[in-house]
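> below are the sequence and a predicted model for it; my questions follow.
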Amino acid sequence: MNAISFRFYRLQRKAAPYAFISPFIILFCVFGLYPLVKSLLLSFYITSGPRSRVFVGWENFAFLFSDPDFHTAVKNTTIFALCSVFLQLPLSLGLAILLNNKLIKARNFFRFSFFSPHLFGQVFVAVLFGIIFAPQFGLLNRTLHFFIPGIPADTKWLVNPRLVMPSIILTSLWMYVGFNMIYFLAALQAVDKDLYDAAHVDGANAFQRFLHVTLPSIKPVAVFVMILSTIGSFQLFELPYVLLNQSPGPSNAGLTIVMYLYLKGFEAGDLGYASTIGWTLALGVFFVALAQVRFTRMWKREA
Amino acid sequence: MDSKKQKSGYFSDIFPFGVAPFIIFVLTVISFLWLAIHPVARKKSSLSLWTFADLHYKAYKKLLPSFEESHPGTKLDLQIVHISAVTSRLRSALWAGIDVPDMVEVEISVAGSFFCGPIEDIGLRDLSPWLKSSGLYDRMVETRFAPYTNRGKIFGLPHDVHPVMLAYRRDIFEKQGIDLSQVKTWDEFVEIGKRVTIPGERYMIQFSQSNRAHIEVLLFQRGGGYFDKDGNVILDNDLAVETMKWYIPLVTGTERIGNDIGGGVVFTKSLEDGYILSFLCPDWMTKSVETDVPRVAGKMALMPLPSFESGGRHTSTMGGTMLGITENCKNIELAREFVEVIYLNRDDLADRFRETNIIPPLREAWDHAVFSEKRPYWSDQPIGKLYIDLADDVPPQYTSPYVGIAKAKLGEALSSCHAYYSKNGENGFDDFVRKRLKKAADDIRRIQRRNPF
């Protein structure tokens, strides 16, 4: 190898990694960083489309915190997120434990069956459940009325403001319980069997084994799923938007933060206010996730 | 073997990351080059039009060949865009200045949202000079310009009038010995409703307890609405309060005569089964009903809306479409000529009525024979004439950029009033309705005040 080709070789060795990551860096800067900075700047303006804007400083943020519709959106989204963590995840874990049991026959069939709703996508599921929830002729009302005649057949799941959020949660449970189950199932299968044997020898019963062996062993996955579910819940949009016929539902009962952002930005045309909502949401999610991580570390120390 | 190793060593000197990354790299380069050499072809047309209604699309498509033939060298690009997408797509196109159509049909409930911001940034052309100088303004139903007018400028040509009548199951009422067509006021209608309604089985009318669509029609009928001519919020005036107080008992509790279990297939089934006996029916809806509920053909009839007081208005309005010409349109003359064909040609409007049941806002088209044709589906009623008789009485719908918010606030107020009445009945209801509508109106005013443009 002569001197020139050696220099070329060294240059290539040095430059190649940058060349390989450059597509990502360029795309991230164009489609990630630039919009982020731009939206941060926009959040200090009242806008009407991208051309007309007036600088208002912190007024968008002040207005946001006194905006009753935003309060409703935060309340609805928080309820949904709490249900995701405290209802969906335990159900997913329960299902995973059940389907990890070798006594269950056709486990693979059930695993696929529970996972498959996730394959359809939120829009399809929302359309499907729109029909299932239909008053008088919908599957849910017909079934409930058949078994419990006291429940009227024309129960308006998507019209009665009190029933809208439970309907959304029910739909999301059907969709995501099986999906999260897969994470838990993988974690359960990775738990060292010797630990169970040791606990058994020590006289631990099934519940104690679950509490002192299973839970600590799957904790990293549980934390991961919890944070992912929380972030996903705060980004809820398509499901209620389609389920409620492209609206926030009666009395804004299905209004979520991202839906409010969309309505303000792309239907009302105020990109500035929508950016304010977006940044507030991002900060909110960041702090919630941080709190979750801190909490789980605390849990680890106590353990 | 050695020669293979030597070759591999030579390759790794040039590209040390392996064969697979090299293939990916080559494919990436080829793809970029391919796209660079073959960019997506832009549609070349003299004029483009977006519409959201399938019926409009089909009707216009039929007219394209003759228009293109009579204008040699002209190529029209007609696109159907879903109603939910047309607003966001048009807005994005106007904002970005890319792929803006020359003409676009916009649904009435979202038209106002385009009028936010400085008037020069609206992106649609002011049609008033053309409408006034051509005399077209006087040839059409004047109230239909209201929703498309902002700051004294008209940004849209109305596609329709959409008077509202009451559609009902004639056969069921006749079995009960009731001639509903004789009913003149809502009070008489409610009296009959109390007689024929069977809770859980049959309801007099499709009235919703949470969707503002029906109470909105009634508000318009009484001359109310969301905004006055100058864009001021009037949602909390006495008329709105009275309408809410009248409406809520009709959709609440066991004494109610109205129910709404939804649209689409659910509505079809409820009409077929006689679960709902009547509903507010604008002209466009008659076509959907004919198509979606064929089993009740010959059993349905239409009548003017009962009025709120003797001698009052017997119609209202629901829905609508405007045609706007964008600032992007380079050939205004050609656009106007196309508008003449699709919106103003008497025979074409007659054909359009045959296909859509939509009566045009152009008065001179109304004496066409097609509008007097009897329709077997509607018990041989000449539905075109019935709607035309009401067309000049259609109330104006004044709009504002905040009309979407106003509609949502009315829906919220409706749900709250319903919940209050379910729990407390008449006790304190008047006061509650006033406060709730005031709150809704104040919320809109608060957002309106933020507009610096």
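That came through, no problem. Residues are numbered from 1 along each chain as shown, chains lettered A, B, ... in the order given.

> ok, which stretches of the chain are strands?
I'll assume chain A. For chain A, the strands defined by DSSP state E cover A:45-48, A:52-55.

> try chain B instead
Counting by DSSP E, the strands of chain B are B:47-51, B:76-80, B:103-107, B:149-150, B:153-154, B:157-158, B:164-169, B:205-206, B:258-259, B:278-282, B:300-304, B:321-325.

> check the offset of the fifth one from the chain's centre.
Looking back up the chat, that one is strand B:153-154. Averaged C-alpha coordinates place strand B:153-154 at 20 Å from its chain's average position (C-alpha atoms, centre = their mean, to the nearest Å).

> winner for burial among the strands of chain A?
Sort the strands of chain A by mean neighbour count, taking mean count of other C-beta atoms under 10 Å in any protein chain shown, and strand A:45-48 sits at the top with a mean of 24. (C-beta placed from N, C-alpha, C; glycine too.)

> list the helices and strands that strand packs on?
strand A:52-55, helix A:59-65, helix A:271-302 (3 or more C-beta pairs under 8 Å, 6 or more residues apart in numbering or on different chains; DSSP states H and E).

> rebuild those as TSV, extending it with distance to B:Ala369.
As requested, the helices and strands packed on strand A:45-48 are arranged in TSV below (distance: least, C-beta to C-beta, whole Å):
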stretch	distance to B:Ala369
strand A:52-55	50
helix A:59-65	58
helix A:271-302	52
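
> quick check: which of those is nearest to chain B?
strand A:52-55 (4.3 Å; C-beta to the nearest C-beta).

> could I have the closest one exported to PDB, CA atoms only?
Provided in PDB are the C-alpha atoms of strand A:52-55 (Å, rounded to 0.1, in the frame of the first residue of the first chain):
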ATOM      1  CA  SER A  52     -49.900  36.200   9.700                       C
ATOM      2  CA  ARG A  53     -48.600  36.300  13.200                       C
ATOM      3  CA  VAL A  54     -48.400  38.700  16.200                       C
ATOM      4  CA  PHE A  55     -45.900  38.300  19.000                       C
END
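
> that strand: partners in the sheet, and parallel or antiparallel?
In its sheet, strand A:52-55 lies beside strand A:45-48 (antiparallel), with partners assigned from DSSP bridges.

> give me the residues contacting the strand it pairs with.
Surrounding strand A:45-48, the residues in contact under the criterion C-beta atoms under 8 Å, 6 or more residues apart in numbering or on different chains are A:53-56, A:59-60, A:269-273, B:116-118, B:121, B:450-453.

> ditto for stretch A:258-274
So stretch A:258-274 is contacted by A:42-50, A:53, A:56, A:60, A:63-64, A:69-70, A:73, A:234-237, A:240-241, A:248, A:275, A:277-278, A:281, B:87-88, B:91-92, B:110, B:113, B:116-117, B:401, B:404-405 (C-beta under 8 Å, 6+ apart).

> run through the bridge partners of B:Lys153.
Counting by DSSP bridges, the residues bridging with B:Lys153 are B:Asn150.

> quickly, which of the helices and strands packed on strand A:45-48 bottoms out on average pLDDT?
Considering these one by one, the lowest average pLDDT is found for helix A:271-302, at a mean of 84.

> circling back to that earlier point, are any of the contacts of stretch A:258-274 buried, and which?
Using 16 or more other C-beta atoms under 10 Å in any protein chain shown as the burial test, the contacts of stretch A:258-274 include A:42-50, A:53, A:56, A:60, A:63-64, A:69-70, A:73, A:234, A:236, A:240-241, A:248, A:275, A:277-278, A:281, B:87, B:91-92, B:110, B:113, B:116-117, B:401, B:404-405 as buried.

> look up phi and psi at the residue nearest the centre of chain B.
The centre of chain B sits closest to B:Gly319, judged by C-alpha atoms, centre = their mean, with a distance of 3.9 Å. According to degrees, to the nearest 10, the main-chain angles of B:Gly319 amount to phi 80, psi 170.

> so who does the nearest residue to it once chain neighbours are set aside touch?
Among residues not flanking B:Gly319 along the chain, B:His162 sits closest, at 5.1 Å (C-beta to C-beta, 6 or more residues apart in numbering or on different chains). For B:His162, the contacting residues are B:Pro282, B:Asp283, B:Trp284, B:Thr317, B:Met318, B:Gly319, B:Gly320, B:Ile358, B:Val394, taking C-beta under 8 Å, 6+ apart as the criterion.

> now, which of those residues lie within helices?
Under the assignment DSSP state H, those contribute B:Asp283, B:Trp284 to helices.

> list only buried entries from the contacts of B:His162.
Those of these that meet the buried threshold are B:Pro282, B:Asp283, B:Trp284, B:Thr317, B:Met318, B:Gly319, B:Gly320, B:Ile358, B:Val394, by 16+ other C-beta under 10 Å.

> could you export those residues as CSV, including pLDDT?
Putting the buried ones among the contacts of B:His162 into CSV (pLDDT from 0 to 100) gives the following:
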residue, pLDDT
B:Pro282, 97
B:Asp283, 96
B:Trp284, 93
B:Thr317, 96
B:Met318, 95
B:Gly319, 92
B:Gly320, 93
B:Ile358, 94
B:Val394, 96
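
> closest one to chain A out of these, please.
B:Gly319 (15.4 Å).

> how far does stretch B:249-261 sit from the chain's center?
For stretch B:249-261, the distance to the chain centre is 26 Å (C-alpha atoms, centre = their mean).

> again with stretch B:35-54
If you compare the mean C-alpha spot of stretch B:35-54 with that of the full chain, they lie 26 Å apart, counting by C-alpha atoms, centre = their mean.

> what about residue 80, how many neighbours?
In the absence of a named chain, chain A is used. When counting by other C-beta atoms under 10 Å in any protein chain shown, one arrives at 23 neighbours for A:Phe80.

> wait, I meant chain B there
By other C-beta under 10 Å, 18 other residues sit near B:Ile80.

> please apply the same query to B:Lys194.
The burial count assigned to B:Lys194 is 12, neighbours taken as other C-beta under 10 Å.
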